[in-house]
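# predicted coordinates and the sequence they were generated for:
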Amino acid sequence: MPLISDTAAWKALEAHAGESMAHLKFLMEDEKRTDKMTACFEGLFFDYSRQTATEKTMELLFDLAREARVVDKFREMAEGKHINSTEDRAVMHMALRADPEDKFMVDGKDVVGPVHAVLNKIKAFSDKVRSGEWKGATGKALTNVVAIGIGGSYLGAEFVAEALSTGPTAKKAEGRTLRFLANVDPVGVERALRGLDPESTLCVVISKTFTTAETMLNARTVRKWIVDAMGEKAVPLHMIACSATPAKVEAFGINPDNMFTFWNWVGGRYSVSSAVGIMPLSLHYGFETCAHFLKGARSIDRHLLTTPPRKNLPLLMGLLGIWNASFKHHATRAIACYAQGMLKFAPHIQQVDMESNGKRVAVDGSVLPFPTGEIDFGEPGTNGQHSFYQLFHQGRVVPMDFIGFVKSAYPIDNTKSGETVSNHDELMSNFFAQPDALAYGKDAAELKKEGVPEPLIPHKTFPGNRPSNMLMVDECSPYTVGQLLALYEHRTGVQGFVWGLNSFDQYGVELGKVLGKKVRNQLASSRGKGADVSGFNPSTTRLLRMYLGAKEGTESKL
């Protein structure tokens, strides 16, 4: 299979990347250019005029997308073709937010009916819990929810939960608590259960196979917490499951009737739209909130499949990411959400993107001659400005996505008390200023005009020409949160399809797990039988002996 890097479209972009291009401070003064480099859909406005790109760049990127058959591959995804070739599976997270009248076929069967059957089951159960009809073993209403899962089984749901935790939607969760338990560190258990009454707590165990080591250890730990407080009889009333293995769920003590299923065509990092996310979120915010979230995601799915390239938001974002990563050789990408509620968005997209596109081979197994994927990270604005923006302005070039909201989820306006602007306007002042500061920079001539002492001029010079996107959203609502999720999911898909890799497997996580089992067996043998450490390299052997020799409650000898 020919690699994308062998095509004329790729080579044309390589040549273009080596051409001289005006500095962004000049490109940004071209009103026709800046007008063309925008796109909008419903409440989303995307401005990519601060990219180090021209109209020629965009035409060449669209040529590359056609060469890679990006739109066709998304249609194949929607048609249920097994585009996850290494695992021989369809990739159908779009079906999870389909309307009842939609049709998505997998292996000759329409899966929309089963999807909505699960959604209806989630609604019925969450309504019972929220109304107090479903009670715990001692007759108390279950107002606390602990969701136990790891990776894709929690990151997306946690992002959505945090995004909606302030504003009108938050009122629907008054008197309720939702916590997530992921890390196998026992401190994670303590933090998740701290201050909770087991008699009023419902635990959702999220594991497709019910074998994920970290999740099941945490689940057994929480199960013991429940049993110690109320006895074995409490388990079916205080624990439910999101899984695809009813026999293992039942063996754990959970009533299989309270298992909410999902399918092998749902990848973990794309599963927030399934029971994985919708179950805990419905328990906390109510099912109606989740229905709006799913509609938002569905709107972007449709936009992706029906909108021409120049106005297609996921396609534009993905292609600009390709330009920066593959042709401008920027290995990182930062996400700056100017909304505190979005603090878990970057960690979620970090998994979506890095686990999907952090690959070294093409779909056919041939080694790719170019690096793929991006190193994703981010913090809410303005926190990030006081953390890592120094590097962005005067160190390495890091392409950025700035996301801001027109309306605040919690408006505070003290202008009548002497403040110059409202709190939200202060936040958004930074949202508008930072991309321009990165683009324009500040040169020595400007600094001299300002009277900056000569020795300080090099230290206060900003090169500028740093690329960024700006995405402005009307408000942070369940609908727009769903849109943002789908937008970034599909951005990842665009890049994977162009690079020619499989964005939907994750074999890179397996080796560490295998070696972890070997270490676990050694620790069990050494702790239980006094066995000496053996079978490891000298460094690991030494470290394990030091670890085993330390006793809890005593001063470390390290």
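That came through fine. These numbers come from a predicted model, not from an experiment.

# give me the residues contacting stretch 462-470.
Outside of stretch 462-470, the residues that reach it under the criterion CB atoms under 8 Å, 6 or more residues apart in numbering are 23-25, 46-48, 50-53, 317, 320, 324, 328, 330, 392-394, 397-402, 404, 431, 435, 437-443. To be clear about C-beta, it is placed using only N, CA and C from the backbone, and glycine gets the same treatment.

# from these, which would you call buried?
Of the members of the contacts of stretch 462-470, the ones counted as buried by neighbours, 16 or more other CB atoms under 10 Å, are 24, 46-48, 50-53, 317, 320, 324, 330, 392-393, 397-402, 404, 431, 435, 437-442.

# next step: the residues you listed restricted to helices.
When helices are assigned by DSSP state H, the members of the buried ones among the contacts of stretch 462-470 inside them are 24, 317, 320, 392-393, 431, 435, 437-440.

# make CSV from those and add distance to Arg191 and pLDDT to it.
Formatted as CSV, the entries for those read as follows, by distance: CB to CB, whole Å; pLDDT from 0 to 100:
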residue, distance to Arg191, pLDDT
Leu24, 44, 98
Met317, 35, 98
Leu320, 38, 98
Phe392, 32, 97
His393, 35, 97
Phe431, 32, 98
Pro435, 36, 98
Ala437, 38, 98
Leu438, 36, 98
Ala439, 41, 98
Tyr440, 44, 98
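
# quick one: mean pLDDT over the host helix or strand of Met354.
Taking DSSP states H and E as the criterion, the element that holds Met354 is helix 345-357. Helix 345-357 shows an average pLDDT of 97 in the prediction.

# give me the contacts around the helix or strand that comes right after it.
Moving toward the C-terminus from helix 345-357, the first helix or strand encountered (DSSP H and E) is strand 375-378. With contacts defined as CB under 8 Å, 6+ apart, strand 375-378 is touched by 331-337, 345-346, 349-350, 353-354, 384.

# same thing but 10 Å
Contacts of strand 375-378 from elsewhere in the structure, counted by CB atoms under 10 Å, 6 or more residues apart in numbering, are 325, 330-337, 342-343, 345-354, 357-358, 384, 388, 398, 400-401, 403, 488, 492.

# with just CA atoms, put it into PDB.
As requested, C-alpha coordinates have been extracted for strand 375-378 and formatted as PDB (Å, rounded to 0.1, in the frame of the first residue of the first chain):
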ATOM      1  CA  ILE A 375       2.200  15.600  22.500                       C
ATOM      2  CA  ASP A 376      -1.000  17.200  23.900                       C
ATOM      3  CA  PHE A 377      -1.300  19.100  27.100                       C
ATOM      4  CA  GLY A 378      -3.100  22.100  28.500                       C
END
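
# and that strand, which strands flank it?
Here the strand partners of strand 375-378, with direction, are listed using DSSP bridges: strand 332-338 (parallel).

# just want the angle from the partner strand to helix 345-357.
With axes from the mean of the first three to the mean of the last three CA atoms, to 10 degrees as the basis, strand 332-338 and helix 345-357 are set at 150 degrees to each other.

# gap between strand 332-338 and the chain center?
Taking the mean of its C-alpha atoms, strand 332-338 sits 12 Å from the chain's own mean (CA atoms, centre = their mean, to the nearest Å).

# then stretch 342-357?
Offset of stretch 342-357 from its chain centre (CA atoms, centre = their mean): 3 Å.

# do stretch 472-490 as well
For stretch 472-490, the gap between its own C-alpha mean and the chain's C-alpha mean amounts to 12 Å (CA atoms, centre = their mean).

# by contact count, what packs against the helix holding Met354?
Taking 3 or more CB pairs under 10 Å, 6 or more residues apart in numbering; DSSP states H and E as contact, the helices and strands that helix 345-357 lies on are helix 155-163, strand 332-338, strand 375-378, strand 400-405, helix 478-499.

# so which bits of the shortest one are buried?
This means strand 375-378. If you call a residue buried by 16+ other CB under 10 Å, then strand 375-378 has these buried ones: 376-378.

# next up, phi/psi of Val519, please.
Main-chain torsions, Val519, degrees, to the nearest 10: phi -70, psi -40.

# surely it touches Ala213?
No: no contact is recorded between Val519 and Ala213 when judged using CB atoms under 10 Å, the distance being 11.9 Å.

# need the residues touching each of the two.
The contact sets of Val519 and Ala213 do not overlap (CB under 10 Å, 6+ apart).

# low-confidence ranges, this protein, go.
Using pLDDT under 70 as the threshold, the predicted model of the chain has low-confidence ranges 551-558.

# go again using 80 as the cut-off
1, 550-558 (pLDDT under 80).

# how about the strands in it?
Chain-ordered strands for the chain, with DSSP state E as the definition, fall at 38-41, 44-47, 105-106, 109-110, 144-148, 177-181, 201-206, 239-242, 259-260, 332-338, 375-378, 400-405, 468-473.

# got these as a markdown table, with distance to Gly530 columns?
As requested, the strands of the chain are arranged in a markdown table below (distance: least, CB to CB, whole Å):
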| stretch | distance to Gly530 |
| --- | --- |
| strand 38-41 | 65 |
| strand 44-47 | 62 |
| strand 105-106 | 53 |
| strand 109-110 | 56 |
| strand 144-148 | 33 |
| strand 177-181 | 33 |
| strand 201-206 | 34 |
| strand 239-242 | 36 |
| strand 259-260 | 41 |
| strand 332-338 | 47 |
| strand 375-378 | 43 |
| strand 400-405 | 54 |
| strand 468-473 | 58 |
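
# tell me, how many residues neighbour the nearest residue to Pro458 once chain neighbours are set aside?
In space, Pro458 comes closest to Ala444 once its chain neighbours are excluded; the distance is 8.0 Å by CB to CB, 6 or more residues apart in numbering. Under the neighbour criterion other CB atoms under 10 Å, Ala444 is assigned a count of 13.

# which residues touch Ala444?
Listed by CB under 10 Å, 6+ apart, the contact set of Ala444 reads 452, 454, 457-458, 460-461.

# mind checking which of those are buried?
For the contacts of Ala444, a neighbour count by 16+ other CB under 10 Å gives the buried set as 452, 457, 461.

# wait, the first one sits on Asp443?
So the one you mean is Val452. No: contact between Val452 and Asp443 fails when scored by CB under 10 Å: they sit 11.4 Å apart.

# name the residues contacting each of the two.
Between them, Val452 and Asp443 share these contacting residues under CB under 10 Å, 6+ apart: Thr461.

# would you mark the buried spots in the helix holding Met354?
Counting neighbours by 16+ other CB under 10 Å, one finds that the buried residues in helix 345-357 are 345-357.

# quick check: closest non-adjacent residue to Val494.
Leaving out its chain neighbours, the residue that sits closest to Val494 by CB to CB, 6+ apart is Gly318, at 2.6 Å.

# kindly report the same for Phe45.
Met472 (4.6 Å).

# for the one you found, grab the count of nearby residues.
19.

# ok, so of the contacts of Ala444, who is nearest Gly286?
Compare each of these with Gly286 using CB to CB and the shortest gap goes to Lys460, at 52.4 Å.

# distance of the closest one relative to Phe260?
57 Å (CB to CB, to the nearest Å).

# check Leu181 too.
Applying CB to CB, one obtains 18 Å for the distance of Leu181 from Phe260.

# more neighbours, these two?
A side-by-side neighbour count of Leu181 and Phe260, using other CB under 10 Å, places Leu181 first with 26 against 22.
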